[in-house]
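A.B. asks: Following is a predicted model, sequence given first.
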Amino acid sequence: MTDNQDVSLEWMSTDEEPGPQVDLRPEIPHPARMYDYYLGGKDNFPADREAAEKVLALSPLVRLSAQANRAFLQRAVRHLAELGVDRFVDIGTGIPTVGNTHETAQLVLPDARVAYLDNDPIVLVHSRALLAGAGRGTVTVRQADLREPAAILADPVVRDLLDAGQPVALLLFAVLHFIDDADDPYAIVRQLVDALPSGSYLALSHATGDFTDPAQAAKGPMVYRSATAQLSLRSKEQVQRFFDGLELLEPGLVTAPQWRPEQAPTAEDAEIAIWSGVARKP
């Protein structure tokens, strides 16, 4: 991993030199680009689409799950902003698309500050599109790896958000299932949460195999073995552990469509295999 890289608003200048050259490795499926494909985006390559179609063949609900996860992100961010939280650290943000964290938060609090962190160089490539929608608040994109929490906490942008002592929202949407057990995702989350000021929040979503036949559920991670990150499905009990010591907001840990829904549930909602929750640090 290279040193953290900052993509500033100055990139918006039309006469600015091109951004840093990155190897997008188009021949290797990438989870962020596959997710973009599930959402109907165009920032993906044939290898991404081929792998994504294999996953969709196993479970056509994956596309609906991606959409439900995105909708959960927007509801959770909006709710936190309505609670007065104006500082967000979004790790594993992925490729920018409509309804990003900063866009959602700044509709409620125009001065909301958002730090995006991702280890994927394609996120840097698309940062101009992300920052083009920035309002009055500060929006920063950093290259960082969730598996290196100490480096994230030492980042000057993150440090600035945390050092003020005001509540911060730590967002981990659809990213922890790409952290292997060998990397101890619970220790990673605990280290990050421990650094948050009192009154801060943790919001996360996580893919699960709880609603699928075990043999069928094992096939999804097999597709990701050819990708740049592996998939680790976890049960509700395992996802619940990420919230140890925190106060879960109502309705607790539920599937993405069940977290404070804004419309009547559908029959397909019951099959969305993503556990979702938001919790407060005492």
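C.D. replies: Nice, I can see it.
A.B. asks: Give me the phi and psi for D90.
C.D. replies: When read as degrees, to the nearest 10, the backbone of D90 gives phi -110, psi 110.
A.B. asks: distance of it from A112?
C.D. replies: 11 Å (CB to CB, to the nearest Å). Just so you know, the C-beta spots here come from the backbone N, C-alpha and C atoms, and that holds for glycine as well.
A.B. asks: swap in I272?
C.D. replies: 28 Å.
A.B. asks: center of this protein, which residue is that?
C.D. replies: F173 (3.2 Å; CA atoms, centre = their mean).
A.B. asks: does that one really touch F88, like I thought?
C.D. replies: No. Contact criterion CB atoms under 8 Å: F173 and F88 do not qualify, at 11.3 Å.
A.B. asks: neighbours of Y201, just the number please.
C.D. replies: Residues lying near Y201 (other CB atoms under 10 Å) number 24.
A.B. asks: residues in contact with it?
C.D. replies: Neighbour list for Y201: 80, 85, 167-170, 278-281 [criterion: CB atoms under 8 Å, 6 or more residues apart in numbering].
A.B. asks: Which other helices and strands does the strand or helix carrying A68 contact?
C.D. replies: According to DSSP states H and E, A68 maps onto helix 61-82. Where contact means 3 or more CB pairs under 8 Å, 6 or more residues apart in numbering; DSSP states H and E, helix 61-82 is packed against helix 31-38, helix 46-58, helix 101-108, strand 169-173, strand 201-207, strand 274-280.
A.B. asks: Now mean pLDDT too, for these, in a markdown table please.
C.D. replies: As requested, the helices and strands packed on helix 61-82 are arranged in a markdown table below (pLDDT from 0 to 100):
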| stretch | mean pLDDT |
| --- | --- |
| helix 31-38 | 82 |
| helix 46-58 | 87 |
| helix 101-108 | 94 |
| strand 169-173 | 98 |
| strand 201-207 | 97 |
| strand 274-280 | 97 |
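A.B. asks: Would you reformat these as a markdown table and include distance to R75?
C.D. replies: A markdown table is the format used below for those (distance: least, CB to CB, whole Å):
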| stretch | distance to R75 |
| --- | --- |
| helix 31-38 | 18 |
| helix 46-58 | 25 |
| helix 101-108 | 9 |
| strand 169-173 | 12 |
| strand 201-207 | 10 |
| strand 274-280 | 9 |
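A.B. asks: Pull out the buried positions in stretch 147-157.
C.D. replies: By neighbour count on 16 or more other CB atoms under 10 Å, the buried set for stretch 147-157 is 147, 149, 152-153, 155, 157.
A.B. asks: now do stretch 173-186
C.D. replies: Residues of stretch 173-186 classed as buried: 173-179, 185 (neighbour count, 16+ other CB under 10 Å).
A.B. asks: between these, which is nearest V98?
C.D. replies: F173 (15.1 Å; CB to CB).
A.B. asks: before we move on, the earlier item: from the buried residues of stretch 173-186, which land in strands?
C.D. replies: Among the buried residues of stretch 173-186, the members found in strands (DSSP state E) are F173.
A.B. asks: now the contacts of Y201: which count as buried?
C.D. replies: 80, 85, 167-170, 278-281.
A.B. asks: what helix or strand does E250 sit in?
C.D. replies: Going by DSSP H and E, E250 is not in any helix or strand.
A.B. asks: Could you check how far it is from H79?
C.D. replies: 11 Å.
A.B. asks: Looking at these two, which one has more neighbours?
C.D. replies: Taking neighbours as other CB under 10 Å, E250 and H79 compare with H79 leading, 19 against 8.
A.B. asks: what's near enough to touch the more buried one?
C.D. replies: Contacts for H79 (CB under 8 Å, 6+ apart) come out as 249, 260, 278.
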